[in-house]
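Peer 1: no sequence on hand, only this structure:
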């Protein structure tokens, strides 16, 4: 059984990351890592599906025992990625997708530089603004704040291994799968193939 | 105009590298770098097609003026890759393929680590031997020497970025193109895309 790849995906809001990941996750070779959080479940949220809900004490125990791949606090709550589940799925041969923001991604890069770091870009910042306006769910001032946050995040794109522009959804899905197929052919992920070829030589 | 990629391809003899490259070179985005040599043209060989034929003095002048990407001597003749042509084609946006052996590839890696280094593997060493036998053009002792050379070369595969197994030709062609498509999405090759996205932000 070949080990799966650890894939870290970041994107500013409005990049269509959710739709893109939903498409990719139809393929059973991929597994979406569920984050842990100390915030309370919202109505309809299911433990182990939306989040692994944990107490503050449980979360801090995991941090102390080096059990988190990355974590951060927002509005007084912890959010993070428990190592254990990720490791289990990788060893089962699944490509594990971590959907995390830039700071978390940089933490993962420190611990797991062998991961594949993918940044999803909007076709342009003006298109991003248009998409956020189209949703019609937010005030213009909120949208402007989001756009300026997005610009700040995109500046981190160069710290990732790959950038994929999500203009056309099916092309972006193909691009993502192309990147993963190529990564599987990287020498560091193909040691078993080389050994196999040399067998009985 | 985006710059092309420098692609270094190595493979032991009998890996079907020639057929594979012929398929890839049907795509006009790719350019096959013609080596220079000081050996005399054989019957039917055309200057600039099979090789750039050069005098010893011309070749040594190129070495002295840092004009060779890599070179070596075999049986008293020089063989090498002139930088100038490679640079010209890369700047025209072509993906330039250097088909060179392991030692030359390692020289290129020193000078141009940004290159994409691809090693073509046979499905197995016993299959390789079978293919060489099938050609029926060589003595068994020569074939055994080639196989043992191949094993020695395959041990260098891990110094390359990617390994592609040439079992089924059309799959190997697809794999090669997948690798190059993914490399185009690498952040280091996508700086212009990031700049474009951020334009007017």
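Peer 2: Yep, it's here. Everything numeric in this text was worked out from a predicted model, so none of it was measured.
Peer 1: alpha carbons only for contacts and neighbour counts from here, please
Peer 2: Noted.
Peer 1: quick one: contacts for residue A:150?
Peer 2: Contacts of residue A:150 were listed using C-alpha atoms under 8 Å, 6 or more residues apart in numbering or on different chains, and they are A:12-13.
Peer 1: hang on, it in a helix?
Peer 2: Yes - secondary structure of residue A:150 (DSSP: H, G, I helix; E, B strand; the rest coil): part of a helix.
Peer 1: how close does residue A:189 get to residue B:162?
Peer 2: 9 Å (C-alpha to C-alpha, to the nearest Å).
Peer 1: what's the answer for residue A:197, then?
Peer 2: 15 Å.
Peer 1: now do the helices in chain A.
Peer 2: A:17-24, A:56-64, A:83-91, A:102-111, A:125-135, A:140-154, A:169-185, A:191-198 (DSSP state H).
Peer 1: take those and write them to a markdown table, including mean pLDDT and distance to residue B:124.
Peer 2: Formatted as a markdown table, these follow (pLDDT from 0 to 100; distance: least, C-alpha to C-alpha, whole Å):
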| stretch | mean pLDDT | distance to residue B:124 |
| --- | --- | --- |
| helix A:17-24 | 94 | 33 |
| helix A:56-64 | 97 | 46 |
| helix A:83-91 | 96 | 26 |
| helix A:102-111 | 94 | 35 |
| helix A:125-135 | 88 | 50 |
| helix A:140-154 | 91 | 45 |
| helix A:169-185 | 97 | 17 |
| helix A:191-198 | 89 | 4 |
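Peer 1: and of those, who's closest to residue B:170?
Peer 2: Minimum separation from residue B:170 across the helices of chain A (C-alpha to C-alpha) falls at helix A:169-185, 15.7 Å.
Peer 1: could you check that closest one against chain B for contacts?
Peer 2: Yes - residues of helix A:169-185 are located near chain B by C-alpha under 8 Å from any C-alpha of the partner chain, namely A:175, A:178-179, A:181-182, A:185.
Peer 1: for chain B, what are the nearby residues on chain A?
Peer 2: So chain A meets chain B at A:121-126, A:151, A:154, A:157-164, A:175, A:178-179, A:181-182, A:185-188, A:190-191, A:194, A:196-201 (C-alpha under 8 Å from any C-alpha).
Peer 1: coming back round to it: would you turn the residues of helix A:169-185 next to chain B into TSV with neighbour count?
Peer 2: Converted to TSV, the residues of helix A:169-185 next to chain B look like this (neighbours: other C-alpha atoms under 10 Å in any protein chain shown):
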residue	neighbour count
A:175	20
A:178	21
A:179	25
A:181	15
A:182	21
A:185	22
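Peer 1: closest to residue B:17 among the residues you listed?
Peer 2: Using C-alpha to C-alpha, the residues of helix A:169-185 next to chain B come closest to residue B:17 at residue A:185, 17.0 Å.
Peer 1: what sits against the closest residue to residue A:114 other than its chain neighbours?
Peer 2: Distances taken as C-alpha to C-alpha, 6 or more residues apart in numbering or on different chains put residue A:6 closest to residue A:114, at 7.7 Å, once the chain neighbours are dropped. Counting by C-alpha under 8 Å, 6+ apart, residue A:6 touches A:90, A:95-98, A:114-116.
Peer 1: filter those down to the buried ones, ChimeraX style.
Peer 2: The ChimeraX selection below is limited to those of the contacts of residue A:6 classed as buried (16 or more other C-alpha atoms under 10 Å in any protein chain shown):
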select /A:90,95,96,97,98,115,116
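Peer 1: possible to save the contacts of residue A:6 as a markdown table with distance to residue A:20?
Peer 2: Formatted as a markdown table, the contacts of residue A:6 follow (distance: C-alpha to C-alpha, whole Å):
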| residue | distance to residue A:20 |
| --- | --- |
| A:90 | 21 |
| A:95 | 16 |
| A:96 | 15 |
| A:97 | 12 |
| A:98 | 13 |
| A:114 | 23 |
| A:115 | 19 |
| A:116 | 17 |
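Peer 1: re earlier: any idea how far the residue nearest to residue A:114 lies from residue A:118?
Peer 2: To residue A:118, residue A:6 is 11 Å away according to C-alpha to C-alpha.
Peer 1: looking at the helices of chain A, which is closest to residue B:23?
Peer 2: For residue B:23, the closest of the helices of chain A is helix A:169-185, at 19.0 Å, according to C-alpha to C-alpha.
Peer 1: relative to helix A:17-24, how tilted is that closest one?
Peer 2: 60 degrees (axes from the mean of the first three to the mean of the last three C-alpha atoms, to 10 degrees).
Peer 1: just list what helix A:169-185 packs against, helices and strands only.
Peer 2: helix A:17-24, strand A:162-165, strand B:162-165, helix B:169-185 (3 or more C-alpha pairs under 8 Å, 6 or more residues apart in numbering or on different chains; DSSP states H and E).
Peer 1: for residue B:11, find the nearest of these.
Peer 2: Comparing the helices and strands packed on helix A:169-185 under C-alpha to C-alpha, the one sitting nearest is strand B:162-165, at 9.8 Å.
Peer 1: please name the residues that touch the spatially closest residue to residue A:53 that is not a sequence neighbour.
Peer 2: Spatial nearest neighbour of residue A:53, excluding adjacent residues (C-alpha to C-alpha, 6+ apart): residue A:37 at 5.3 Å. Under the criterion of C-alpha under 8 Å, 6+ apart, the neighbours of residue A:37 are A:51-54, A:59, A:77-80.
Peer 1: same thing with residue A:144?
Peer 2: Taking C-alpha under 8 Å, 6+ apart, one finds residue A:129 in contact with residue A:144.
Peer 1: repeat that for the one 10 residues further on.
Peer 2: Each residue near residue A:154 by C-alpha under 8 Å, 6+ apart is listed here: A:11-12, A:121, B:194, B:198.
Peer 1: can you tell me which of those residues has the most neighbours?
Peer 2: residue A:121 (29 neighbours; other C-alpha atoms under 10 Å in any protein chain shown).
Peer 1: show me the beta-bridge partners of that one.
Peer 2: When bridges are called by DSSP bridges, residue A:121 pairs up with residue A:165.
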